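>>> sequence and predicted structure below; questions after.
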Number of protein chains: 2
Amino acid sequence: MERSAEDHLKILLRTRGLRFTPDRLRIFRALADAGKPVSVPVLISMVAEDGVNQATVYRTLEQFLAVAVVQTVLLHDGVVGYELIPPFSSHHHHFICLDCGAVQDLPAGRVDTALDKSLEGTGVRVMGHKVDIYGQCEKCHAESP
Amino acid sequence: MERSAEDHLKILLRTRGLRFTPDRLRIFRALADAGKPVSVPVLISMVAEDGVNQATVYRTLEQFLAVAVVQTVLLHDGVVGYELIPPFSSHHHHFICLDCGAVQDLPAGRVDTALDKSLEGTGVRVMGHKVDIYGQCEKCHAESP
DNA sequence: TCGTTATTGCGATTTTATTGCAAGAACAAG
DNA sequence: CTTGTTCTTGCAATAAAATCGCAATAACGA
C-alpha cells in the first residue's frame, strides 16, 4: 500500500510534536491545489470557505515553514508567496513574468549541479537554494515584444 | 572626470521623467550604506532621522523598482529586503543563514553561465535572475553544528 | 525667472499581521 | 473506550504595515 502525501504530512507533524488537524490538512490541500506559490491573503480567502480562521493560517504557515513543508518565494514586486516543497512537490525553480506576474516551474537539473560546484570550499553549509528567473513569458512577449 | 553613482542615478531618473530629489538621494544613500538587503521598516527608520516621510519611502521604492535601481530579495522567514542592483552594486547572489538571518554576497561567475545554458530553447525572454542559497554560515555552524 | 508638473507631508484609512485567553480537539496511555 | 494532558483554534482586540487624497512645495526645462 502506497503512502500518500497526506499520510506523509501526518507522520511529519507528529514526529515534530505537532498535531494533524483538519485545518492543517485544509491549508495543505489548498497549497497543493494551487500548484503555484500563493500569497497569504489569497490563501486566507481560499480556506475561508472551509471555515479556517485567518490567525490559524498565519500560525500554520509559520509551523509549516519550521518543519519544511513549505517555503517562501518572491514573486513580482516584492510579494511573498508560499508553496509546498519536496517531498510534497517536485524540486524546481521558477520563471516569473515581469509583465503579468505569472509563475511557471522550471526543472532543476543542470542548474543545481552547477550550483553545487560553485560553492565548493566556501565553508558554508548549504541546506537549500532557490533560483528565480525573471523576464517575459511567451504570451506577454507575443503581446508586447 | 568620472561619473559617480549618484550622477548616474540622477541621469537615470531624469531619463525616465522622474526627478532627482533630496529625499530620493537620501534613500539611495541609505541603501548604499547598508551594503546588504534591508527591510522596509528598517529603511524607514534609517531615513527618518533625515526627515524623510514613511509614505515617501514606499513611493520611492516602488519607483526604484520600476526603473531598476533596486530589486527585492527574500530573506529568512518570508521577510522582503531591498537592495541596489547593477550598475549601482555588483552582480552577485546571496547566502542566507537560516540560523541568524545574516546575508552574505556570493560572486556570480560560474552559476550565471550555467543558468543561461539551461534556459536555451525554452521560449522565455530572460531579463534577470536571482540565486539564493540557504544554510548555516560558518559562525553558526561552529556554535551549533 | 517662470510655468508646468512631479513630489512631498500630513492625516486618515485600509489592509495585513499579531496576541491573549478560554473552549475545544487530538492522541497517547491505560 | 475512556480519560487526561497538551496542543489548536476561534474570537476579538490590538498592533503594525501599507495606501490614499489633497494641498503645499520643489524640481527643472524653456
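Nice, thanks for sending it over.
>>> for residue A:69, see how far away residue A:50 is.
According to Cβ to Cβ, to the nearest Å, residue A:50 and residue A:69 sit 18 Å apart. Placement of C-beta: from N, CA and C, glycine included.
>>> neighbour count winner among those two?
residue A:69 (23 against 13; other Cβ atoms under 10 Å in any protein chain shown).
>>> for that one, which residues are in contact?
By Cβ atoms under 8 Å, 6 or more residues apart in numbering or on different chains, the contact set of residue A:69 is A:9, A:12, A:28, A:84-85, A:88.
>>> who in chain A is up against DNA strand C?
A:10, A:13-14, A:19-22, A:40-41, A:54-55, A:58-59, A:80 (Cβ under 7 Å from any atom of the strand).
>>> cutoff 6 Å now
A:14, A:19-22, A:40-41, A:54-55, A:58 (Cβ under 6 Å from any atom of the strand).
>>> now tabulate those in TSV and tack on secondary structure and pLDDT.
Putting the residues of chain A next to DNA strand C into TSV (DSSP: H, G, I helix; E, B strand; the rest coil; pLDDT from 0 to 100) gives the following:
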residue	secondary structure	pLDDT
A:14	helix	95
A:19	coil	97
A:20	coil	97
A:21	coil	98
A:22	helix	97
A:40	helix	97
A:41	helix	96
A:54	helix	98
A:55	helix	98
A:58	helix	98
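>>> now the strands for chain A?
Secondary structure of chain A (DSSP state E): strands located at A:70-74, A:80-84, A:92-97, A:103-107, A:125-136.
>>> of those strands, which is nearest residue B:34?
strand A:70-74 (18.5 Å; Cβ to Cβ).
>>> quick one, domains of chain A?
Residue ranges for the domains of chain A, per automatic domain parsing: A:1-89, A:91-145.
>>> from DNA strand C, how far off is the residue nearest the centre of chain A?
The residue lying closest to the centre of chain A (Cα atoms, centre = their mean) is residue A:83, at 1.7 Å. Taking Cβ to the nearest atom of the strand, to the nearest Å as the measure, residue A:83 falls 16 Å from DNA strand C.
>>> mind listing what that residue touches?
Residue A:83 neighbours (Cβ under 8 Å, 6+ apart): A:31, A:34, A:36-38, A:70-71, A:73, A:89.
>>> and the pLDDT for it?
On pLDDT, residue A:83 comes in at 96.
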